[in-house]
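Enquirer: Need the 3D shape of this:
(chains A and B)
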Amino acid sequence: MISIINARKQFSKLQVLDDVSIEFQRGECVALIGPNGCGKTTLIKSILGMVIPDSGEIHFQGKAVLNDETYRKQIGYMPQIGRYPQNMTIGQVIEMICDIRKPNQPLDEELLFEFDLRKLYHKKMSTLSGGTTQKVSATLAFLFNPDVLILDEPTAGLDPISAEILKAKIIREKSNGKLIIITSHILSELDDLITALIYMQDGKILFHKTMETIRQESGEQRISKALAQILQKQALR
Amino acid sequence: MNRIIKFILLDIVKNKVVLLYTILLAAFSWSAFGLEDNSTKGVLTLLNIILLTVPLVAILFATIYIYNSAEFIELLLGQPIKRSKIWCALFLSLCFSLLFAFLIGAGIPILIYAPNDVGLMMLILGSFITVIFVSIAFLSAIATRDKAKGIGISMMLWLYFALLFDGLILFLTFQFSEYPIEKMMIGVSMLSPIDMARIMILLKLDVSAMMGYTGAVFKEFFGTVLGTIVSIAILFLWMWIPFFWSLFKFKHKDL
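Expert: Purely as a prediction, here's the structure:
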């Protein structure tokens, strides 16, 4: 569904993406993990066309994403740090995005109700806490029933109950056959979500494996332990 | 794109700076015409006020507004909208609101007190200056991520166009007064839209006699149809080049 072919990106002297090639298929739920500053967010942003790679190509359903914006209709993006116009209220932001996207199918307002955001509709974005801003981001990402969900550290800053609501929602969407790409540092919460795992380091992809192979190879059920084992093996090699 | 323009315009209206600018322009214009007994003097007074305030407000307000829209731009970039549309919508709504303020604030008194070709010229050139300086603001806002730096660049550019350029011209004329540089001065004056606007209006006011031989050369050029067409074309270039340059940069920017 999404293919990244030999993407390279350099920020001044730092090589953030170093010849990255990945294929994402429909129905997958892929976790993108790796140390801070390894290029996860840059990779995500280049899929969204917010960062333009120096070389290499990104295709969405076979079409190059550069100079074409319509593909973003099928993507719901939840940024790591949602930045919103400070003098708009939650209601206005949601209304505006609806107005701009002109959805032709009914909205998916599950999260809107579960997070109880309607009560806060009149609140200005500048007065919101980090967690509430995250809730707005999550709601916007799921609102238009997109085929692809790109979630950049979705649960960071959310309280445990809200994090569970979001996780349940992700699992529901996964069973609807959507492609979900998640980055996270909390491996334990990925355990019952993901079908494949990509580990990035210094702008390179260290490995890209399905959870089945990871579990078989390591003999561990939990991602954190399996990952530790794989990384140890790679270090020994 | 109309929807985006609608949202930005609503936001600018809420901002109230443009409203204040309208009131300020109106106060200047009404008092300039009210204090002078003939409309030509009023136009001259107003000309100097307009050539200082209009570019200043246009470039500063636009630069600050673009920086403050960073979040808005970021939010829209994740949506299925072309980058160029976001940038153009921002440009059009800023131009539209500042033009509206200019035409209401200064336009009404000008049309009442000086309903002739000079008044009309003032309105047209004031509108040009507004758009040109919004366009320059876009270029300086895209040049750097740092808000303070960007506003600094805008201030310096305004200072250069509104004040320093005049001094530079004066300096050149004095230094090379022994040489026939009058024709060259026409070319040099085109390097600043504010100076061009000033010369074009002064020539219409028939006070060019005070500018001596240079005035006569200017009149010979700017007074003709060809000269008018060329100068309008140059003003269009001043409008489009900075904006298109910034648009090109915005399309290739990482956000």
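Enquirer: who's in contact with the residue nearest in space to the middle of chain A?
Expert: The centre of chain A sits closest to residue A:151, judged by Cα atoms, centre = their mean, with a distance of 2.3 Å. With contact set as Cβ atoms under 8 Å, 6 or more residues apart in numbering or on different chains, residue A:151 has these partners: A:78, A:138, A:141, A:170, A:180, A:181, A:182, A:183. Just so you know, the C-beta spots here come from the backbone N, C-alpha and C atoms, and that holds for glycine as well.
Enquirer: how far away is the last one from residue B:218?
Expert: Right, the one you point to is residue A:183. 64 Å (Cβ to Cβ, to the nearest Å).
Enquirer: Please say which of the two ends up with more neighbours.
Expert: Each of residue A:183 and residue B:218 has its neighbours counted (other Cβ atoms under 10 Å in any protein chain shown); residue A:183 has more, 24 against 21.
Enquirer: Around chain A, which positions in chain B sit nearby?
Expert: Neighbours of chain A within chain B, by Cβ under 8 Å from any Cβ of the partner chain: B:3-4, B:7, B:11, B:14, B:69-72, B:74-83, B:252, B:254-255.
Enquirer: Kindly give a single PyMOL line that selects the buried subset of those.
Expert: Remark: buried members of the residues of chain B next to chain A, expressed as a PyMOL selection using 16 or more other Cβ atoms under 10 Å in any protein chain shown:
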select buried, chain B and resi 4+7+11+69+72+74+75+76+77+78+79+80+81+83+255
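Enquirer: Restricted to helices, list the residues of chain B next to chain A.
Expert: Among those, the members falling in helices (DSSP state H) are B:3-4, B:7, B:11, B:14, B:70-72, B:74-77, B:83.
Enquirer: export the residues you listed to JSON lines and tack on pLDDT and distance to residue B:186?
Expert: Below are those laid out as JSON lines (pLDDT from 0 to 100; distance: Cβ to Cβ, whole Å):
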{"residue": "B:3", "pLDDT": "86", "distance to residue B:186": "45"}
{"residue": "B:4", "pLDDT": "90", "distance to residue B:186": "41"}
{"residue": "B:7", "pLDDT": "89", "distance to residue B:186": "44"}
{"residue": "B:11", "pLDDT": "89", "distance to residue B:186": "42"}
{"residue": "B:14", "pLDDT": "87", "distance to residue B:186": "44"}
{"residue": "B:70", "pLDDT": "90", "distance to residue B:186": "41"}
{"residue": "B:71", "pLDDT": "88", "distance to residue B:186": "45"}
{"residue": "B:72", "pLDDT": "89", "distance to residue B:186": "43"}
{"residue": "B:74", "pLDDT": "88", "distance to residue B:186": "45"}
{"residue": "B:75", "pLDDT": "89", "distance to residue B:186": "47"}
{"residue": "B:76", "pLDDT": "90", "distance to residue B:186": "44"}
{"residue": "B:77", "pLDDT": "88", "distance to residue B:186": "44"}
{"residue": "B:83", "pLDDT": "90", "distance to residue B:186": "39"}
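Enquirer: Any chance of CSV for those, columns distance to residue A:22?
Expert: Shown next, in CSV, are these (distance: Cβ to Cβ, whole Å):
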residue, distance to residue A:22
B:3, 34
B:4, 33
B:7, 36
B:11, 39
B:14, 44
B:70, 30
B:71, 29
B:72, 31
B:74, 24
B:75, 26
B:76, 26
B:77, 22
B:83, 24
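Enquirer: Spatially, which two of the residues you listed are the most separated?
Expert: Farthest pair in those (Cβ to Cβ) is B:14 and B:83. Separation: 25.2 Å.
Enquirer: which stretches of chain A form helices?
Expert: Going by DSSP H, chain A shows helices at A:40-47, A:90-101, A:110-114, A:130-143, A:160-175, A:211-218, A:223-236.
Enquirer: Remind me what the third one packs against, helices and strands.
Expert: Right, the one you point to is helix A:110-114. Helices and strands in packing contact with helix A:110-114 are listed as helix A:130-143, helix A:160-175; criterion 3 or more Cβ pairs under 8 Å, 6 or more residues apart in numbering or on different chains; DSSP states H and E.
Enquirer: just checking, what packs against the first one?
Expert: Just to be clear, that refers to helix A:130-143. Helix A:130-143 makes packing contacts with strand A:75-78, helix A:90-101, helix A:110-114, strand A:148-152, helix A:160-175 when contacts are defined by 3+ Cβ pairs under 8 Å, 6+ apart.
Enquirer: next one: the longest one
Expert: Applying 3+ Cβ pairs under 8 Å, 6+ apart, one finds that helix A:160-175 makes contact with helix A:110-114, helix A:130-143, strand A:148-152, strand A:179-183.
Enquirer: Pull up the residues of chain A that are close to chain B.
Expert: A:11, A:45, A:48-52, A:69-73, A:75, A:77, A:79, A:83-88, A:93, A:96-97, A:99-101.
Enquirer: Poorly predicted segments of chain A, please.
Expert: Along chain A, the parts satisfying pLDDT under 70 run over A:237.
Enquirer: mind redoing it with 80?
Expert: A:67, A:234-237 (pLDDT under 80).
Enquirer: As a check, name the ranges of all helices in chain B.
Expert: Under DSSP H, chain B gives helices at B:2-15, B:17-35, B:39-68, B:70-77, B:83-102, B:108-113, B:117-143, B:147-159, B:165-175, B:182-189, B:193-204, B:212-222, B:225-251.
Enquirer: Among these, which comes closest to residue A:35?
Expert: With Cβ to Cβ as the criterion, residue A:35 lies closest to helix B:70-77 of the helices of chain B, at 25.0 Å.
Enquirer: helices and strands around the closest one, which ones?
Expert: By 3+ Cβ pairs under 8 Å, 6+ apart, helix B:70-77 packs against helix A:90-101, helix B:83-102.
Enquirer: hang on, the earlier thing: for the helices of chain A, could you give me TSV that also reports mean neighbour count?
Expert: Formatted as TSV, these follow (neighbours: other Cβ atoms under 10 Å in any protein chain shown):
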stretch	mean neighbour count
helix A:40-47	23
helix A:90-101	18
helix A:110-114	17
helix A:130-143	22
helix A:160-175	16
helix A:211-218	15
helix A:223-236	14
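Enquirer: thinking again about what came up before, with respect to residue B:198, which of the helices and strands packed on helix A:160-175 lies nearest?
Expert: Closest approach to residue B:198 among those (Cβ to Cβ): helix A:130-143, 49.6 Å.
Enquirer: By mean pLDDT, which helix or strand of chain B comes out lowest?
Expert: Least confident helix or strand, chain B: helix B:212-222 with a mean of 74, by mean pLDDT, DSSP states H and E.
Enquirer: Give me the buried positions along that one.
Expert: Quick answer for helix B:212-222 (16+ other Cβ under 10 Å): B:214, B:215, B:217, B:218, B:219, B:221, B:222.
Enquirer: count of neighbours near residue 50?
Expert: Just going to use chain A. There are 19 residues near residue A:50, going by other Cβ under 10 Å.
Enquirer: ah, no, chain B please
Expert: So residue B:50, with other Cβ under 10 Å, has 29 neighbours.
Enquirer: if I look at it, how far off is chain A?
Expert: 30 Å (Cβ to the nearest Cβ, to the nearest Å).
Enquirer: Please give me every residue in contact with the most centrally placed residue in chain B.
Expert: In chain B, the C-alpha nearest the mean C-alpha coordinate belongs to residue B:129, at 2.0 Å (Cα atoms, centre = their mean). Residue B:129 makes contacts with B:50, B:51, B:54, B:55, B:58, B:193, B:194, B:197, as judged by Cβ under 8 Å, 6+ apart.
Enquirer: likewise residue A:10?
Expert: Taking Cβ under 8 Å, 6+ apart as the test, what residue A:10 contacts is A:16, A:54.
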